[in-house]
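Asks: would you be able to build a 3D model of this:
(3 chains)
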Amino acid sequence: MMWSWIAANGAQIWQLTWSNIILGVIPPLIGLAISLPLGIIAARWRWFYPPTLTVVNVIYAIPALALFIALIPALGLTDTNVIVALTLFSLCVIVPNVIAGLRGVPPSVRQAATAMGYGALRRLITVELPVAVPVIMGGLRVAMVSSISLASVGQLIGVSSLGYLFIDGEQRDFPTEIYVGLVLIIALALAADLILVGIRRVLTPWMARS
Amino acid sequence: MSFFTYAWDWVTQSANWHGSGSIPQQILAHLGYSILPLLIAAVIGIPAGVAVGHSGRGAVFVVNLANSWRAIPTLGLLVLLAVYLGFSFLTWLLPLVVLAIPPILVNAYEGVAGVEPGVRDAAKGAGMTSWQQVTRVEVPIALPLILVGLRTSAIFVVATATIAAYIGLGGLGRFIIDGLSSYQYGPVAGGALLVVILAVLVLGFFALLSRLIVPAGLRGQGKTE
Amino acid sequence: MRDPEAAATLWWLDEFSRAGWVGDPVSVITFERVTKRYPDGTVAVNALDLEVPAGKIMVLVGPSGCGKTTTLRMVNRLVEPTSGQILLDGKDIREQNPARLRRGIGYVIQQTGLFPHRTVEDNIATVPVLNGWSRAKARARARDLLKLVGLDQALARRYPYQLSGGQQQRVGVARALAADPPVLLMDEPFSAVDPIVRASLQDQLIALQTELHKTIVLVTHDIEEVIKVGDLVALFRPHGRIAQLGTPERLLGAPADDYVAGFVGFDRGIRRLSFFSTASLSLDTGPVLSANATVASARASGEPWILVADGKPRGWVQPDKLGQYQDGTLLGQVPAEPIGHTFTVGTNSLRAALDAAVLSPAGQAVGVDGYGNVVGVATFDRLRAAVQAAQTAADAAAALEPSESGAPA
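Replies: Okay, here's the model as predicted:
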């Protein structure tokens, strides 16, 4: 393990880390924004639900590299390519969780809200979504961790991220570089996960602490 | 030209179907490179997950694993072993097995741990030994989730085997990696399309399997996945 | 009432006896100074001495957390005592392999615990199959048991999720009975269903018990269930000690202390009456007149109220209010007040008779025989006399009995 190399290349490592963060963090957030309306629709109109699930399962089965490649004619070998692909994957993880979260609201709670005079939209925003937060957040966490890790695969089509350290490390037969990449990605992913757990705690003071 | 046009043109060239490194060969190779790690991972992961689910010991570890296994970058793991071991059987098998275990283990655990407490109590009270409780009651009830774990893992392994072409493994990833380094989009698109089709077929296989294996009584409960 | 079909299905009881399975068809359960203490210091059961006689239903009742369920679960070793021992027919249960022990003990729980992945008949067949029966034989037996618990054969191939709560509970009971265990443990088996279904299940249990004579330990928090179903009652205090042990009638008639009196409830005096028979109640036939009798005879009787009957009771009339009718009018043609309800002499209890009297416009209960024909009527005075006689007799009988065990704290 050559620590000196790390010190010497600190700037480049930071640059790659920052790229990885952008490529990894943005897609789940966009995915969340799209998943919420999609999930709400699917939870409300039953017939929308099975086709949605099927489509989502099929897309999620597509290997990341294949999706990057499929987007090349349209989006080239750019960051946008990776971000769009990872957003699609995030959608696949979060939409089912939005649906499950909303469906998991006890019917008694929903009925009580209606009986007290809440309109459908107000009930959705002030009652159902807050109760669904833990489940939705669970989906967001999975999407976040996966995205940060999968962003490194984008290096194979030349999109810069910490994956560069893997390629370069392999070409130069230099394990230190690879370790740095591994540690940083895993640390980033776990840090993001912890932050999301913290956010969930703040959003759900009504939940018992496990 | 769109992705599909490139892919279709390349896939329909008969030259690609003959000779060494042909499409059918790589499809079979890819299947082999996927099935073997999956089987090993299942043999390790299912009993382990069931044991933890039944006894409760080690549950903390499994729950933490559930949250963190996706953080491991597949490319990094493959490349690390390639640097140390060169290209060998173990170089690709080890990472694939290691990456295939978590979804199987976690889902097997959740399946067994999620059996209703009343059902577990009744099984014990009826006079079943631990082994009988696990094999006759807990595993059958956990079957849908176990299958979900296998399916998730299978798809993950197919995808990772594709990437493993980078460190020299054969299979459909070969077309992609070789095509990328020689700037030929044809094989890249074709390989990608074939991998996608393979993944979707795996999905279909598990859907069929689930229909065949899962007892009717469990299906009726509308278990969500 | 006894179902002749159910009796016919008990052929397997003989078969079991022949196979040496049911040597002694009943079992005595003995608790000797049994204590259960948890690592955090909570004492669930405290030096319990209890004997459950063979072939009887012993009900364990008490507030939440009093240790009744823990006591129950120690019999089939789902919970192990911290000290003391538990004997089944004189043998320490710890000497037996736990799984084997449990196969000889039926276990019914509140949530049923039916295996969702198995059909109803395969659920019932669980223990016989565990004991080595062929699946065909076990399933045949399962179908017999379905009849025994009052379920349609068509349910055999269904799955638990397709059944109602009451049906699931019946399947749970059938499963517990499948291997014909001498002992049956029931943990709040009927709490999760509505009162109508619950009453029906309780009736079924009582009917089964008259056939099968199992040693049953039943845990409940419902005092009404205790009174209806129990032969013997152990009322628990919080923290695992017994407050009183005795028949339900004794708990109502002579509660050991304020705690017991409070637990059995406010109107224990009246509820106790349901244990007293109307067989010895003296009835008056004076106020009973035929529908073909005349208004004149009603006026001549001197009674304030007349019960008009033609075999069956028709209604009450007051002779003083019949002024508008001529002497010759038949009583059957005079508008009469409804009788409320009747009680069947000998079969119904004094409580039913008292209730009939309360509902009657005449303040007199109408007693009928098994066919519904009037036997006589009883005023509140006669009822009071009968009640006092019954209470005195019950108290005297209890005084003669060997002292009831059960450590009042």
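Asks: and the helix or strand hosting residue C:171, what's buried?
Replies: Taking DSSP states H and E as the definition, residue C:171 sits inside helix C:165-177. Across helix C:165-177, burial judged by 16 or more other C-beta atoms under 10 Å in any protein chain shown covers C:166-177. For every residue, glycine as well, the C-beta is placed using N, CA and C.
Asks: will you turn those into CSV that also has distance to residue C:299 and pLDDT?
Replies: Shown next, in CSV, are the buried residues of helix C:165-177 (distance: C-beta to C-beta, whole Å; pLDDT from 0 to 100):
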residue, distance to residue C:299, pLDDT
C:166, 54, 91
C:167, 58, 94
C:168, 62, 93
C:169, 58, 93
C:170, 57, 93
C:171, 63, 95
C:172, 62, 93
C:173, 59, 93
C:174, 62, 94
C:175, 66, 93
C:176, 64, 93
C:177, 62, 92
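Asks: circling back to that earlier point, residues in contact with the helix holding residue C:171?
Replies: B:122, B:126, C:106-109, C:112-114, C:120, C:123-124, C:126-127, C:142, C:145-146, C:148-151, C:155, C:160, C:163, C:184, C:186, C:189-190, C:192-194, C:197, C:200-201, C:204-205, C:208, C:212 (C-beta atoms under 8 Å, 6 or more residues apart in numbering or on different chains).
Asks: likewise for stretch C:79-87?
Replies: With C-beta under 8 Å, 6+ apart, stretch C:79-87 has contacts from C:28-37, C:45, C:47-48, C:70, C:73-75, C:92-94.
Asks: from the residues you listed, which land in helices?
Replies: C:70, C:73-75 (DSSP state H).
Asks: quick check, nearest of the buried residues of helix C:165-177 to residue C:351?
Replies: residue C:166 (26.8 Å; C-beta to C-beta).
Asks: below-threshold pLDDT in chain B: ranges please.
Replies: B:1, B:219-225 (pLDDT under 70).
Asks: by proximity to chain C, which residue of it wins?
Replies: Relative to chain C, the nearest point of chain B is residue B:122 (2.7 Å; C-beta to the nearest C-beta).
Asks: circling back: tell me which of the ones in helices among the contacts of stretch C:79-87 is nearest to residue B:10?
Replies: residue C:73 (68.1 Å).
Asks: which residue sits closest to the closest one, ignoring its sequence neighbours?
Replies: Leaving aside its chain neighbours, residue C:73 sits nearest to residue C:79 (4.4 Å; criterion: C-beta to C-beta, 6 or more residues apart in numbering or on different chains).
Asks: assign a three-state SS to that neighbour, would you?
Replies: Classification of residue C:79 by DSSP: H, G, I helix; E, B strand; the rest coil places it in coil.
Asks: buried residues of the longest helix anywhere in chain B, list them for me.
Replies: The residue-count maximum for a helix in chain B (DSSP H) belongs to helix B:23-55. Within helix B:23-55, the residues that qualify as buried are B:23, B:25-27, B:29-31, B:33-34, B:36-38, B:41-42, B:44-46, B:48-54, counting by 16+ other C-beta under 10 Å.
Asks: stretch C:190-209 too?
Replies: If you call a residue buried by 16+ other C-beta under 10 Å, then stretch C:190-209 has these buried ones: C:190, C:192-193, C:197-198, C:201-202, C:204-205, C:207-209.
Asks: okay, the residues you listed in CSV with distance to residue B:163, pLDDT and secondary structure next?
Replies: Output for those, formatted as CSV (distance: C-beta to C-beta, whole Å; pLDDT from 0 to 100; DSSP: H, G, I helix; E, B strand; the rest coil):
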residue, distance to residue B:163, pLDDT, secondary structure
C:190, 59, 92, coil
C:192, 53, 86, coil
C:193, 57, 88, coil
C:197, 59, 90, helix
C:198, 62, 92, helix
C:201, 61, 91, helix
C:202, 65, 93, helix
C:204, 64, 90, helix
C:205, 64, 92, helix
C:207, 69, 90, helix
C:208, 65, 89, helix
C:209, 68, 91, helix
